[in-house]
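Asker: task: produce atomic coordinates for the following.
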Amino acid sequence: MTTTPKTDVVCLGESMVTFLPSRPGPLADVPSFRRAIGGAESNVACALARAGYRTRWVSRVGADGFGDHLLRTIAAHGVDTTAVERDPDRPTGIYFRTDGERATGPTAPDGTAAPDGTAATDSTDGIGSREGAGTTDPANGSAPTDGAPGTHLPATPPGRGAVSEVVYYRAGSAASAMSPATVPAEALRTGRVLHLTGITAALSADCLALLRALTTDRPAVRDGAAPGPLVSFDVNYRVSLWRTAPEPGAGVLLELARHSDIVFVGEDEAAAAWGVTGGPDAVRAALPEPAVLVVKQGSAGATAYVGDSGPVFAPALRVDVVSPIGAGDAFAAGFLAGTLRGLPVRERLRHGHLLAAAALTDAGDLAAPPAREAADRLVALDEGDWGRLRLGPGWTSAPPHGPAPADAGPPAPRTGRTEPEVPSA
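Answerer: Alright, predicted model coming up:
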């Protein structure tokens with residue numbers, strides 16, 4: 001006997017309270033900060049909830065005021081937080097940051113590119129804009145969570161690509177105590193999709209054991225047993241975070257990705273973590289196992305592979321960027337929303353681009369998405385009209401007009417490896 005999932009997407013991971021500067025400049029010169037929240041998985045949950053989907057965030061927070069703030073803020077976006085545990089002995093993580101990009105590759109002491117030539121900034125963990133005012137390739141995947149506990153990440157000197165200065169206080173946080181023993185399995189199996197990221201795996205040995213239990217060690221579906229949710233995994237490679245992790249990050253992330261159903265990874269992440277270069281096809285060759293692989297290509301766009309079918313590419317939108325924070329998480333949310341609706345792959349990618357554009361053009365912590373009907377009309381644009389779109393601040397409340405979306409009809413038959421079916425609502 002099967003049970004109908006009560007939730008569309010369950011997201012598991014740490015969220016922290018972040019303090020944003022009241023003015024530009026190094027942290028030493030900032031007189032005051034604005035409190036916000038940061039967490040890749042909760043960002044996805046909030047974005048989907050605001051788009052009308054039933055979401056749940058599963059985590060652990062301290063029995064402190066910062067934990068109270070996280071729970072209130074995330075629940076206010078419509079996310080179910082009833083499965084979040086309060087830890088009386090460990091604190092909620094916090095961090096301070098300045099504006100700019102987060103670092104992915106090894107950095108020199110001044111925050112510039114390391115001597116080995118690895119780029120100091122990660123511009124493709126989200127989906128970048130094209131030719132937007134004030135943009136170079138700006139999209140981060142989430143509020144930056146790449147620092148090791150207590151780590152100070154330096155800012156880039158003037159004249160170089162802006163790398164944010166970040167100080168983390170997350171050592172021994174409540175979320176780092178997540179494990180198969182402390183996170184109830186039933187809370188994670190209530191959704192049609194379970195969304196995870198590589199950030200969680202780096203927090204502690206217990207967290208890594210939990211992610212392995214949810215991916216690598218998933219029990220096979222037996223005859224008559226209810227299938228579990230599809231597992232969505234965003235690689236979210238954070239170089240500094242893995243420096244103090246229980247195992248080397250490259251191998252762990254590859255293992256987890258290979259045992260997931262839907263995988264998101266940036267071209268630059270694949271190069272930095274696994275040495276994979278040569279474009280999306282090379283990434284797919286290195287990751288043939290996931291039924292769905294989305295390779296994010298920054299300002300160019302994103303390419304998706306579904307089953308044994310060939311690549312599907314959707315170019316990014318031209319966006320006037322206000323803030324790069326959260327664009328990659330919004331993109332993942334948009335793609336998952338399209339997956340839940342059973343849309344064609346190109347439309348899923350375009351919905352991802354639209355939610356990323358909403359995040360990029362909003363200065364707030366979590367941007368309001370466009371109405372579904374308006375998004376569907378934009379997604380239905382032909383290639384020329386899509387390429388001519390330019391979105392700026394406030395566009396979600398008065399989106400450009402597009403044609404009425406056509407009925408997609410039944411999906412084309414597939415041969416060979418196929419995309420797994422999303423559990424019905």
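Asker: tell me where the stretch 301-425 of the chain has strands.
Answerer: Along the stretch 301-425 of the chain, the stretches classed as strands by DSSP state E, counting those that start in this stretch are 301-306, 312-315, 318-319, 390-391.
Asker: can you show me the helices along the chain?
Answerer: Under the criterion DSSP state H, helices of the chain are mapped to 40-50, 65-76, 185-188, 198-201, 205-214, 239-242, 249-258, 267-274, 280-286, 327-340, 345-360, 372-379, 383-388.
Asker: out of those, which gets nearest to residue 171?
Answerer: helix 239-242 (11.7 Å; C-beta to C-beta). Backbone N, C-alpha and C define where each C-beta goes, glycine included.
Asker: and that closest one, which residues are buried?
Answerer: Buried positions in helix 239-242, judged by neighbour count with 16 or more other C-beta atoms under 10 Å: 239, 240, 241, 242.
Asker: burial-wise, tell me which of the strands of the stretch 301-425 of the chain comes out on top.
Answerer: Among those, strand 318-319 has the highest mean neighbour count (mean count of other C-beta atoms under 10 Å), at a mean of 25.
Asker: just to revisit the earlier point, so among the buried residues of helix 239-242, where is pLDDT lowest?
Answerer: Ranked by pLDDT, these bottom out at residue 240 (84).
Asker: can you tell me which residue is spatially central in the protein?
Answerer: residue 329 (3.1 Å; C-alpha atoms, centre = their mean).
Asker: pLDDT score for that one?
Answerer: 96.
Asker: the nearest residue to it once chain neighbours are set aside: neighbouring residues, count only.
Answerer: Of all residues not flanking residue 329 in the chain, residue 43 sits nearest, at 3.7 Å (C-beta to C-beta, 6 or more residues apart in numbering). Neighbour count of residue 43, defined by other C-beta atoms under 10 Å: 31.
Asker: mind pulling up the pLDDT for residue 43?
Answerer: Note for residue 43: predicted pLDDT of 96.
Asker: that one and residue 331 touch, don't they?
Answerer: No - using C-beta atoms under 8 Å as the test, residue 43 is too far from residue 331 to be in contact (10.6 Å).
Asker: ok, now how distant is residue 47 from residue 282?
Answerer: Look at residue 47 and residue 282: by C-beta to C-beta, to the nearest Å, they are 30 Å apart.
Asker: a markdown table please, covering the strands of the stretch 301-425 of the chain and showing distance to residue 78.
Answerer: As requested, the strands of the stretch 301-425 of the chain are exported to a markdown table (distance: least, C-beta to C-beta, whole Å):
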| stretch | distance to residue 78 |
| --- | --- |
| strand 301-306 | 26 |
| strand 312-315 | 27 |
| strand 318-319 | 25 |
| strand 390-391 | 24 |
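Asker: take those strands and write them to CSV, including mean pLDDT and distance to residue 399.
Answerer: Shown next, in CSV, are the strands of the stretch 301-425 of the chain (pLDDT from 0 to 100; distance: least, C-beta to C-beta, whole Å):
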stretch, mean pLDDT, distance to residue 399
strand 301-306, 98, 20
strand 312-315, 98, 18
strand 318-319, 95, 13
strand 390-391, 95, 8
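Asker: ok, which of the ones you listed comes nearest residue 336?
Answerer: Of all the strands of the stretch 301-425 of the chain, strand 301-306 sits nearest to residue 336, with 12.3 Å by C-beta to C-beta.
Asker: next, residue 316: phi, psi?
Answerer: When read as degrees, to the nearest 10, the backbone of residue 316 gives phi -70, psi 160.
Asker: contacting residues around the nearest residue to it once chain neighbours are set aside?
Answerer: Nearest-residue entry for residue 316: residue 301, 4.4 Å, with adjacent residues in sequence omitted and distances by C-beta to C-beta, 6+ apart. Residues in contact with residue 301 (C-beta atoms under 8 Å, 6 or more residues apart in numbering) are 127, 313, 314, 315, 316, 349, 353.
Asker: tabulate those (TSV), appending distance to residue 340.
Answerer: Converted to TSV, the contacts of residue 301 look like this (distance: C-beta to C-beta, whole Å):
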residue	distance to residue 340
127	19
313	22
314	18
315	23
316	22
349	15
353	17
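Asker: I'd like to know how many residues surround residue 46.
Answerer: Counted with other C-beta under 10 Å, residue 46 comes out at 30.
Asker: tell me the contacts of it?
Answerer: 55, 74, 77, 78, 79, 366.
Asker: pLDDT value on the first one, please?
Answerer: If I follow you right, that is residue 55. 98.
Asker: and it, how close does it get to residue 191?
Answerer: 8 Å.
Asker: same check on the third one?
Answerer: Relative to residue 191, residue 77 is positioned 17 Å away (C-beta to C-beta).
Asker: of the buried residues of helix 239-242, closest to residue 83?
Answerer: residue 241 (24.2 Å).
Asker: correct me if wrong: the closest one contacts residue 201.
Answerer: No - the pair residue 241 and residue 201 fails to qualify as a contact (C-beta under 8 Å) at a distance of 9.5 Å.
Asker: joint contacts of these two?
Answerer: Common neighbours of residue 241 and residue 201, using C-beta under 8 Å, 6+ apart, are residue 249.
Asker: who touches both of residue 43 and residue 331?
Answerer: Counting by C-beta under 8 Å, 6+ apart, nothing touches both residue 43 and residue 331.
Asker: for residue 305, list each beta-bridge partner.
Answerer: residue 293 (DSSP bridges).
Asker: look up how far residue 284 lies from it.
Answerer: In terms of C-beta to C-beta, residue 305 sits 5 Å off from residue 284.
Asker: which residues touch residue 213?
Answerer: Per C-beta under 8 Å, 6+ apart, neighbours of residue 213: residue 180.
Asker: now do it, the pLDDT please.
Answerer: In this model, residue 213 carries a pLDDT of 95.
Asker: appreciated, that's everything.
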